[in-house]
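Novice: Got a sequence here, can you build the structure:
(one chain, ligands or ions: 1)
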Amino acid sequence: MTTTPVRSPRSSTELIRAEESVLAHNYHPLPVVVARAEGVWVEDVEGRRYLDMLAGYSALNFGHRHPALIAAAHRQLDEVTLTSRAFHNDRLAGFAEGLAELTGLDVTLPMNTGAEAVESGIKVARKWAYEVKGVAPDRATIVVAAGNFHGRTTTIVGFSSDAGARNGFGPFAPGFRVVPYNDLAALEAAVDETTAAVLIEPIQGEAGVVIPDDGYLTGVREVTRRAGCLLIADEIQSGLGRTGTTLAVEHESVLPDVLLLGKALGGGIVPVSAVVARRDVLAVLRPGDHGSTFGGNPLSAAVGSAVVELLATGEFQRRAAELGEVLRGGLAALTGKGVVGFRARGLWAGVDVDPAIGTGREISERLLHEGVLVKDTHGSTIRLAPPLTITREELESALASLEKVLTA
Ligand SMILES: *Cc1c(COP(=O)(O)O)cnc(C)c1O
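Specialist: Modelled structure (predicted):
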């Protein structure tokens, strides 16, 4: 990254004030105005540099502007960017072939955002329940876990257990049953002949990187198999290398029937999501049943294919696993020194800070002043999810900044 400050006609303070007057207040951003980024580093309007330990909530697993992804996007910008699915495009087949190879599943339904992939998964599961399982019309149920985060549409927030996400947005769609996460007996009791699917995050990201007990995912797979319903794994945040494997379900060698991908699938460049599933499951969709104007566009497919190619090398998964040990070791060393608990897998951690030291927000603000970007999830929990391209030295410096902030 060059060191000359971005020539912005307005300062950070002016831009923040302007945003506050003309944008909806559905976010409470940290007071930093990013103007440029490369790899794990971002630079603000005044030229200050920050180490990005959030990585766009895992949308930037390969860092900012990864050269291979930027090159793929540039190449595609010069050819064709949008066709709509009214016509074929020359990039889509390769993208879906790559996803099948990467995931062990068969067929892809391309969408754009994570919430759309979740909505699409819900629609497919219901249609499958009526057409294949033989559930009575409009009776299909989907079992979800408390503490879930699957997106922000009205259907999805309707089965959220977060009051802030739900309140004021009803009435909500029926057909969902909420069970405690990491509780196989509760799941077993909730599935029946109406169950189309169990929809689950293999690790709950927004809840604070909540990792279920060993055996839970295997158990969920067994329960769904016995109940004759689908297992839908929402790997929008946990997937694509973050946890040290391509998918988080691989830690238990579980293959879901339906996999939801998003965030890093767009390489931090364009929104790209996908429902990747068994052939017989996605076969319930026929022309006219479902669609998206932008889903599967050639620019998204080109970037998505480049993401799949990066993951096919295994390098990022390996880095996440190896550096994950450094992260885990660093957090273990801070336990009792401001950290009261943490959960980590690969380059992904939820860190519970002693509330006496500060809220997650306050810790995030102090880290910002140390040149490290993180975000609180809720209460006194912060999430660490650096780009998988981070070096050991950079990771150690972020941990040192955390120690400094916690022990100051
Ligand atoms: C971010 C996220 C979503 C929603 O993705 P959007 O692109 O923001 O709609 C869904 N599920 C999980 C697990 C996520 O982390």
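
Novice: contacts, neighbours, all on C-alpha from now
Specialist: Noted.

Novice: Give me the three-state assignment for residue 231.
Specialist: strand (DSSP: H, G, I helix; E, B strand; the rest coil).

Novice: Can you tell me which residues in the protein are near the ligand?
Specialist: 113-115, 149-151, 201, 234-237, 263 (Cα under 6 Å from any ligand atom).

Novice: In the residues you listed, find the pair that's most separated.
Specialist: 113 and 201 (16.4 Å; Cα to Cα).

Novice: For the chain, which segments count as helices?
Specialist: For the chain, helices defined by DSSP state H occupy the ranges 12-22, 55-58, 67-77, 92-103, 114-128, 154-157, 163-166, 184-190, 216-227, 279-282, 298-312, 315-334, 360-369, 392-407.

Novice: still on that earlier bit, can you tell me which of the residues of the chain next to the ligand end up in strands?
Specialist: Here DSSP state E is the test, and the residues of the chain next to the ligand give residue 234 as lying in strands.

Novice: From the residues of the chain next to the ligand, list just the buried residues.
Specialist: With burial judged by 16 or more other Cα atoms under 10 Å, the buried subset of the residues of the chain next to the ligand is 113-115, 149-151, 201, 234-237, 263.

Novice: Just give me the closest of those residues to residue 398.
Specialist: Of these, the one sitting nearest to residue 398 (Cα to Cα) turns out to be residue 237, at 21.4 Å.

Novice: Setting the sequence-adjacent residues aside, check what's closest to that closest one.
Specialist: Using Cα to Cα, 6 or more residues apart in numbering and skipping the chain neighbours, the partner closest in space to residue 237 is residue 58 (5.9 Å).

Novice: I figured that neighbour was touching residue 263, is that so?
Specialist: Yes. If you go by Cα atoms under 8 Å, residue 58 and residue 263 touch, sitting 6.3 Å apart.

Novice: ok, the residue nearest to residue 237 - contacts?
Specialist: Residues near residue 58 by Cα atoms under 8 Å, 6 or more residues apart in numbering: 237, 242, 263-264, 385-387.

Novice: quick one on the thing from earlier: of all the buried ones among the residues of the chain next to the ligand, which comes closest to residue 215?
Specialist: For those, the nearest to residue 215 is residue 201 (14.4 Å; Cα to Cα).

Novice: For whatever residue of the stretch 201-350 of the chain ends up closest to the ligand, give its distance to residue 25.
Specialist: Closest contact between the stretch 201-350 of the chain and the ligand, by Cα to the nearest ligand atom, is at residue 237 (4.2 Å). Residue 237 is 24 Å from residue 25, where distance means Cα to Cα, to the nearest Å.

Novice: rewinding a little: would you mind giving both backbone torsions of the residue of the stretch 201-350 of the chain closest to the ligand?
Specialist: Backbone torsions of residue 237, given as degrees, to the nearest 10, read phi -100, psi -30.

Novice: Just list the residues touching residue 336, thanks.
Specialist: Applying Cα under 8 Å, 6+ apart, no residues qualify as near residue 336.

Novice: so what pLDDT did it get?
Specialist: Looking at residue 336, its pLDDT is 96.

Novice: heads up, I number from 152, so please use that
Specialist: Okay, using 152 as the starting number, the last item reads as residue 487.

Novice: Touching both of residue 209 and residue 414, which residues are there?
Specialist: residue 388.

Novice: Tell me the pLDDT of the spatially most central residue of the chain.
Specialist: For the chain, the residue sitting closest to the mean C-alpha position, by Cα atoms, centre = their mean, is residue 388 at 1.9 Å. Looking at residue 388, its pLDDT is 98.

Novice: And residue 183, by the same measure?
Specialist: The model's pLDDT for residue 183 equals 98.

Novice: How many residues are close by it?
Specialist: 20 (other Cα atoms under 10 Å).

Novice: My guess is it contacts residue 195. True?
Specialist: Yes. Assessed by Cα under 8 Å, residue 183 is found in contact with residue 195 at 6.6 Å.

Novice: okay, and the common contacts of the two?
Specialist: By Cα under 8 Å, 6+ apart, the residues touching both residue 183 and residue 195 are residue 163.

Novice: Test my guess that residue 279 contacts residue 429.
Specialist: No. Using Cα under 8 Å, residue 279 is not in contact with residue 429, being 11.6 Å away.

Novice: More neighbours: these two, which one.
Specialist: residue 279 (24 against 17).

Novice: how close does that one sit to residue 261?
Specialist: Residue 279 is 18 Å from residue 261, by Cα to Cα.

Novice: ok, now residue 244?
Specialist: 11 Å.

Novice: The two: who's more crowded?
Specialist: Using other Cα under 10 Å as the criterion, residue 244 and residue 261 rank with residue 261 on top: 27 against 15.

Novice: Next one: the more buried one, what pLDDT does it get?
Specialist: Predicted confidence (pLDDT) for residue 261: 98.

Novice: Next up, the contacts around it.
Specialist: 423-426, 446-447.

Novice: For beta bridges, what are the partners of it?
Specialist: residue 425 (DSSP bridges).

Novice: what's the nearest residue to residue 417 if we skip its chain neighbours?
Specialist: residue 423 (4.6 Å).

Novice: My read is that that neighbour contacts residue 443, right?
Specialist: No. Counting by Cα under 8 Å, residue 423 stays clear of residue 443, with 11.7 Å between them.

Novice: Overlap of the contact sets of those two?
Specialist: With Cα under 8 Å, 6+ apart as the test, residue 423 and residue 443 both reach residue 262.

Novice: out of the two, which sits in the busier spot?
Specialist: Ranked by neighbour count (other Cα under 10 Å), residue 423 and residue 443 place residue 423 first, with 30 against 14.

Novice: Got the confidence number for the more buried one?
Specialist: For residue 423, pLDDT reads 98.

Novice: tell me the contacts of it?
Specialist: 261-265, 413-414, 416-417, 446, 451, 455.

Novice: picking that back up, which pair of the contacts of residue 209 spans the longest distance?
Specialist: Top of the distance list for those (Cα to Cα): 414 and 537, 13.8 Å.

Novice: pLDDT below threshold where in the chain?
Specialist: Along the chain, segments meeting pLDDT under 70 span 152-158.

Novice: how close does the closest residue to residue 470 other than its chain neighbours sit to residue 548?
Specialist: Nearest non-adjacent residue to residue 470, counting by Cα to Cα, 6+ apart: residue 539, 6.6 Å away. From residue 539 across to residue 548, the span is 15 Å (Cα to Cα).

Novice: Next: residue 307.
Specialist: Taking Cα to Cα, one finds residue 307 at 38 Å from residue 548.
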